[in-house]
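Visitor: need a 3D model of the following:
(chains A and B)
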Amino acid sequence: MRKLCSFLIVFFICKCSCFSQVGEDEQYEHFDYTWQLAPTVPIIPGQFAQTDAVIIKDYETIEIKFGKGMQTAKPNTFNLIHKIIYINTDAGIELFNTVSVPLDKKSKLVSIVARTISPEGKVTMLNLSNIKEVDNHDGTMEKIFALEGLQKKGTLEYIVKSYEKYEKSYTFYMQHRVPILFKEIEVIAPEYIHYNSKNYNGDVRTFKTTREGIEKKTVYKNFHYYKTLDVPGLPFEDYCNYKAHLTRLEIQFAFNYRYYRNDVRDRGSNQSAIHRFMTYNDLAESLYRQFYEVNEKDQAIIDKAISETVDRLELKQLTLNEQIVKIENYIKSNISVSDELEYEAFSPETILKNKIAGFDNLIHLYLAFFKKMNITCQLNLSCNKKDKAFDQKFDSYTYTEVPLLYFPQVNGYLDPLNLILRYPLCSSNYVNNGVYGINLTTSKTHPFSDYYYLDDIIDPDSIQHIEKMNAVLNFSPEMDSIYMHISRVEPDYFAEDMRETLAFAPSAEKEDGVRDLLIESMKDASVDKLVITNGELAQAEKPLLIEADLSGSALIEKSGNDILLKIGEVIGTQKNLYQENTRTNPIDLDFKHKLIRKIELNIPAGYKISGLEPLNKSTSFTHQEKDACGFRSSYKLEGNKLIIDIEEYYLQTSLPVKVYADFRNVINAAADFNKIAVVLSK
Amino acid sequence: MNRFVCLICSSIFYYSCFAQDNWLSVYKQKYPKAEAVMLENSQTVKISLNKGVPAIQCLDSVVIGFMTNHISRARVYQVYQSYISSVEDLSAYSDILKENKPVRVKVERFDRRANLDRSIFYDDTEEISFTFPATAEGVKSYVTYKQNVRDAFFIPPFYFGSYLPVAKSVYQVVLPASVKINYRLFNTDSTKVKFTTTSTGKNTIYKWQMDEVNEIRSEDDGADEAFYQPHVIVTIDEVSGEKFLSDYNQLAKWCSSFVKDLNQKPAQELQGIVSSVTSGATNDIDKCRSIYKWVQQNINYVAFEDSIYGFRPREAADVCHKRYGDCKDMASLIYSMCRMAGIKAYYAWIGTSDKPYSHFDIASPILYNHMICIAEVGDKKIVLDGTGKFSPFDYPTPFIQNKEALYVNDEGKPIIYKLPVVDASQNYRSDSVSITLGSNCSLSGSLKSTLAGYKKMKYLYAVKYNDINNIRLKILGLGNDKFRIDSIAETGLDDNSAREVIDIKFTLDDYVVKAGEKLYLNLNLNKKGHEQKVSNPSRIVPKVMDYKHTDKLFVKFKIPENYELDYLPSGTLYADSIVRYSIHYTADKEYITLTSEIEINSILLSKENFADWNKALSKLSKDVSQNVVLRPSKL
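Guide: Numbers count the residues shown, from 1 in each chain, chains lettered A, B, ... in the order given. Sure, this is the predicted structure:
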């Protein structure tokens, strides 16, 4: 079952659990569901005969029962998973021969049965004593098992039944890397409960029926069906947010025709009983109460606890931006974040003393600092664009997994859980994705009404994400090695991994990330001198500056008296798209960026240089009448200097398949440049 | 407690916390890039007798001195427990100053989680992790805990070093007079380890101390830390005059206890499979070959390291029924199948390339992390490792080459068998290439690539588990990444022991350099398989090489019309104890040829080899960087 990030767990527990536990012994529609007694040999359509495996059937049901009570922490849904998978190759076995069933601590496993069917039709049942339990000690556990008797050209089948905690939002991926012949999601709920759903990246047949329930003749049920047939496997491709392009279904609990909402009733509303539940307004209300509502007594305690730190940081004389940066730097440099520390009351004194906080309390701490400094800070929530694009037209809590902090006065984001990046940057996983935010301004006048906004996290134009490299090459007197002085400017995302290594690797390995980058320019180089500037985490808002002297011979090839200098390799190994496979997925890039490189070669006296023509390259394209991507390189000879200027840019991060050929040309132009060698001869 | 005593206690506490013995300034100067130093790393092993049976308890104590206010990885500490040793009385805290008064801040939350990785499907090892609170420059944090070791054969090794620089590392073994121990130091300079024995009443204390131990540094292709980190292994030699674990004979008895009742029941299904699989075999070696092939094709590696089953193999019939198992299970299955076929087969315990030990250094279960089957056919010993899904028959898996296996023969005699290292000549890739120059200086031609031994095995792992076309390009492609396969034919894919022969028609763009009227062509088309130099001049971590191998290349280039040879590189020969290569060129009016052979003759490079290794690779790099030059023909 899809899990929301722990950040919101507190919310969901506190939030209106408007359903009560139903006795586990009551009959659910699929409680007695079972497989075919005599399994049949599947017929695999010809077009899927060569794939590693084929999912014959993937059937999931969620049956929800509600009572009259309003509060329960016990599970109240009955879930069923039934899978039949045909295995074709060793890779197919490797992909499917083990199964992990994730369970919440509040889940209760009803049964697991599994069997394999050999090509000859022999059935091997799973020995239930071989199912192991892994307690993750974070409120979740897994039941894991390996399929017994699994063979190539055979089939595996398993059914898992469990009682689960009710979730208000579900995400189902209806596609896999291998083909699926039949996939169906069935949600069974009382007739007065209705769901909204939306599918992405492909068709999902959706229909609903209503009929009398089995166990109570007077209760009718809604059967929501979501079905796909013969879905081809989605191939992995470069420059693609793979998961986000799988056929996907979002389901959100939406209407309860039976009950008024408490708050509606309390306010004496005469609205009809048909009222949306689990709206973004509900979420905003809950988050506001959790993170912003502080009584005066608690506020006084918080103020006292942080005032000493606020004074020590000398924040008051700083500009707004400087205050944000300094508070962020202080917290990220000093407070360790433990994902295990949830559900504990917020105590800034304890956090500042122990320097440890859980996710929720870390947000509390940020907000306390900003409140103390009268900085408006709005809690925003987004999701990882590599998993799914935020859909502003379909409200689902599965889009609100990751907390971000937004400052409306300066229109900038702070990514509280990313230790490396600094305001106004948040992880590129969220940039150019949608965001949900609490509208604090509205809340003051109209509590819990129109209390949120939806927006896009736009990469600020002020940040160009330009990586620069300047390399000066000289031959050794013997003409058998190259001395290279290299200067690099690595801003924001470009420096993320190197900064992490500089900050957290063992002391002897801190510079390894930088060294690895440098020797991309000359594979056998020894780094003779290295100066790193702005390497501290507290300097992360500035670009990482690298100055280095390298020496090596990997760029040189000889041919009698002539010397080949593989000058294209100075820009480092480039990804390529040389293979002419048909592109399936759109093109995704993490963030818009430019790469500006300059290479200077001092031509030794007495040598002339040739083979320069390939250094002139230019390819680019536009999309929607805006510059999209391009690669341009040119050279000039000035005295004894060969000077090469290279600019590569990617200004749009999502491009359709139809421009793939253009995109491929740009990527391959850089890869082609990488292969250029020039010739020096006397 | 009266106020005076309180004052003294408080003062001692204060002194211990903050009269810092100058450690902060000393170690900031000594380790300027380190965020923290392990001021003390100590373990005391208490051996006692419980009804004559030795019992083991380890008391661990670590003190970390922080040298920065900022968050660092040193803040997080992990302790592990498993079926073998359980952790109890875990306590951790930091001593800080608050308003000039000493305050002890305890760790209140210890997070436990399963310690699973990709290679082991289920492992009962549990990680207990916690964050030291309130750390800052000058603050000391402490952790203490006990480990109750289930079996006295499993006294854990003690490593003097750590992930931080260590100021003082102390290992003590406290034992009663009726117990004698063996010990062996590894990777230590004896002058740096202070060793003492003292007697206190009924007990003897063995103590090893090492000061100022540098932090562990990981390296690319680095050997396990057991190869280079100073450590000591202790085993119990005698208990009350009786041999306990004095040498490999006792170790063999202990190992045998896990298999003595194994595979005693009739297994009809398995017997049927053995009869079927070996029906065409005319001799015992062929029977072994058939059995091994059946296991490779039908049993998948899935490891459950669960309690005693971390040591005890499962019944062969059960493994056959389930069609999966770990190394022990596969050894059990192969053993049973061989025995059913009338072949002398044995369970064998062995350490992989992560284990640097010999049975003649010290006898301990520490030596082992793997299990195989060894069959004896006449004088020949056949190594049958079920985890080698694509290993050729009669090859050890690469990671157990040169390792000692222990097995007990039918006469009850423990045998130490050192596995061979497969010769470089058996693990080869041999490419025969014929090329011509096309338009725009592209090359086209044919490649016949033959793979054998571990080279073939590695190829099969890649193509069986990856997108087959792209992975073939990555492995087989020559020249540069613009190598394009126009057609391909392949034999040997379904036979691990046969040579793989791949015939390819290809095109290669942007490889020939044209400058002025001349063409430059490097006929050394396959540089991908070349090894890497050791780049860190102060590296001490041995480099793991997997297996010895040979790369052969023959290239025949047709001189294009209107061109003639301008320059032909001279060939070269090189040989040292690890690297040997030859490169030879010929030319006539029609063709230029290159014949090269590069042989790597080591599976593990120690720091003593690094200089020669780098020298050889530098020379090789230059020698394969020679280009043929063509010029337009004179009319």
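Visitor: and the closest residue to B:Val534 other than its chain neighbours, how far is that from A:Gly572?
Guide: Computed as Cβ to Cβ, 6 or more residues apart in numbering or on different chains, the closest residue to B:Val534 that is not its neighbour in sequence is B:Phe610, at 4.6 Å. The way it works is simple: take the backbone N, C-alpha and C, and place the C-beta from them, glycine included. Noted for B:Phe610: a distance of 26 Å to A:Gly572, by Cβ to Cβ, to the nearest Å.
Visitor: please, where are all the strands along the stretch 451-600 of chain B?
Guide: B:483-491, B:500-508, B:513-515, B:518-521, B:543-544, B:549-558, B:563-567, B:572-575, B:579-587, B:591-600 (DSSP state E, counting those that start in this stretch).
Visitor: which of those sits closest to A:Tyr650?
Guide: Proximity to A:Tyr650, assessed across these by Cβ to Cβ, is greatest for strand B:483-491 (25.9 Å).
Visitor: any chance of the strands of the stretch 451-600 of chain B in a markdown table, with mean pLDDT, distance to chain A and mean neighbour count too?
Guide: Formatted as a markdown table, the strands of the stretch 451-600 of chain B follow (pLDDT from 0 to 100; distance: least, Cβ to the nearest Cβ, whole Å; neighbours: other Cβ atoms under 10 Å in any protein chain shown):
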| stretch | mean pLDDT | distance to chain A | mean neighbour count |
| --- | --- | --- | --- |
| strand B:483-491 | 94 | 7 | 14 |
| strand B:500-508 | 97 | 11 | 19 |
| strand B:513-515 | 95 | 3 | 21 |
| strand B:518-521 | 96 | 6 | 22 |
| strand B:543-544 | 96 | 16 | 21 |
| strand B:549-558 | 98 | 14 | 21 |
| strand B:563-567 | 96 | 4 | 15 |
| strand B:572-575 | 97 | 12 | 14 |
| strand B:579-587 | 98 | 12 | 17 |
| strand B:591-600 | 98 | 13 | 20 |
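Visitor: I'd like the ones you listed as a markdown table, with distance to B:Trp254 appended.
Guide: Below are these laid out as a markdown table (distance: least, Cβ to Cβ, whole Å):
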| stretch | distance to B:Trp254 |
| --- | --- |
| strand B:483-491 | 47 |
| strand B:500-508 | 42 |
| strand B:513-515 | 65 |
| strand B:518-521 | 63 |
| strand B:543-544 | 29 |
| strand B:549-558 | 37 |
| strand B:563-567 | 68 |
| strand B:572-575 | 46 |
| strand B:579-587 | 42 |
| strand B:591-600 | 38 |
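Visitor: out of those strands, flag the one nearest B:Trp294.
Guide: strand B:500-508 (20.9 Å).
Visitor: low pLDDT regions in chain A?
Guide: A:1-26, A:66-75, A:211-220, A:257-275, A:339-344, A:441-449 (pLDDT under 70).
Visitor: cool, and chain B?
Guide: In the predicted model, chain B carries pLDDT under 70 at residues B:1-21, B:117-118, B:468-469, B:529, B:635.
Visitor: secondary structure class for the residue most central in space within it?
Guide: With distances taken as Cα atoms, centre = their mean, B:Asp354 lies nearest the centre of chain B, 3.9 Å away. Three-state assignment for B:Asp354 (DSSP: H, G, I helix; E, B strand; the rest coil): coil.
Visitor: quick check: closest non-adjacent residue to it.
Guide: With sequence-adjacent residues excluded and distances taken as Cβ to Cβ, 6+ apart, B:Asp354 is closest to B:Asp224, at 4.0 Å.
Visitor: which positions in the stretch 401-550 of chain B make contact with chain A?
Guide: B:464-467, B:469-470, B:473, B:480-482, B:484, B:510-511, B:513-516, B:518, B:520, B:522, B:533, B:535, B:537 (Cβ under 8 Å from any Cβ of the partner chain).
Visitor: ok, now with 7 Å
Guide: B:464-465, B:470, B:480-482, B:510, B:513-516, B:520, B:522, B:533 (Cβ under 7 Å from any Cβ of the partner chain).
Visitor: go ahead and confirm the residue nearest to the centre of chain B touches B:His370.
Guide: No. B:Asp354 lies out of contact with B:His370 (Cβ atoms under 7 Å); the separation is 9.2 Å.
Visitor: part of a helix, is A:Ile486?
Guide: No. Counting by three-state DSSP, A:Ile486 is not part of a helix but strand.
Visitor: that one bridge partners, please.
Guide: Counting by DSSP bridges, A:Ile486 is bridged to A:Ala471, A:Ala548.
Visitor: can you pull out the strands in the stretch 201-350 of chain B?
Guide: B:203-213, B:231-239, B:242-243, B:300-301, B:304-305, B:324-325, B:344-350.
Visitor: need these in JSON lines with distance to A:Ile458 and mean neighbour count, can you?
Guide: What follows is the strands of the stretch 201-350 of chain B, written out as JSON lines (distance: least, Cβ to Cβ, whole Å; neighbours: other Cβ atoms under 10 Å in any protein chain shown):
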{"stretch": "strand B:203-213", "distance to A:Ile458": "52", "mean neighbour count": "18"}
{"stretch": "strand B:231-239", "distance to A:Ile458": "55", "mean neighbour count": "21"}
{"stretch": "strand B:242-243", "distance to A:Ile458": "76", "mean neighbour count": "12"}
{"stretch": "strand B:300-301", "distance to A:Ile458": "49", "mean neighbour count": "19"}
{"stretch": "strand B:304-305", "distance to A:Ile458": "49", "mean neighbour count": "20"}
{"stretch": "strand B:324-325", "distance to A:Ile458": "51", "mean neighbour count": "26"}
{"stretch": "strand B:344-350", "distance to A:Ile458": "59", "mean neighbour count": "24"}
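Visitor: I am finished for the moment; much appreciated.
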